[in-house]
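In: Show me the folded form of this:
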Amino acid sequence: MQQHGDSPNADDIGRGERPDVTMPPASTGSAGYFPGTDDKRPVLITEAQPSLEDQHRSRVRRYTIIMAFRIPCLVLAAIAYSTFGSALLAILIIAVSIPLPWIAVLIANDRPPRRKDEPSRWDERRTAIEARSHKSIDG
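Out: Numbers count the residues shown, from 1 in each chain. Next up is the predicted model:
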């Protein structure tokens, strides 16, 4: 669509040769962090936080992984007691597994880590409101 001040051929964008524009050669690999072609990966176009569902799914996954270590600890304690006959070794292994639920809950309830570009919310000490007379309705 020709607008005021445009040349008569302004609508012919894309037709003909444009010697002033050069395209970079197409690369076979990814220029980003991940190997492979970029056309298979979506582009992040927002600074929004992950959705609450994604955050919850991630926390449940972390909790499950940490708690999954507790069962092998108990089995390992039983094997150590039956193999070596050492109650001290079995108790030591069980003692290591005792704080795992507490650690799992703390890690699962933690918020996602802060990004480096996220601003700090604490500013320096605020000064008091200036002491000058203000107009009031009843004054």
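In: List the residues that contact the nearest residue to Val96 once chain neighbours are set aside.
Out: Nearest non-adjacent residue to Val96, counting by Cβ to Cβ, 6 or more residues apart in numbering: Cys73, 6.3 Å away. Glycine gets a C-beta too; all of them are placed from N, C-alpha and C. Residues in contact with Cys73, defined by Cβ atoms under 8 Å, 6 or more residues apart in numbering, are Ile93, Ile94, Val96, Ser97, Leu100.
In: Turn those residues into a markdown table, columns for secondary structure and neighbour count.
Out: Formatted as a markdown table, the contacts of Cys73 follow (DSSP: H, G, I helix; E, B strand; the rest coil; neighbours: other Cβ atoms under 10 Å):
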| residue | secondary structure | neighbour count |
| --- | --- | --- |
| Ile93 | helix | 19 |
| Ile94 | helix | 17 |
| Val96 | helix | 14 |
| Ser97 | helix | 17 |
| Leu100 | helix | 15 |
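In: I'd like those as CSV, with pLDDT and distance to Pro113 appended.
Out: CSV is the format used below for the contacts of Cys73 (pLDDT from 0 to 100; distance: Cβ to Cβ, whole Å):
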residue, pLDDT, distance to Pro113
Ile93, 94, 31
Ile94, 94, 32
Val96, 93, 26
Ser97, 93, 26
Leu100, 92, 22
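In: of these, closest to Ile79?
Out: Ile93 (9.3 Å; Cβ to Cβ).
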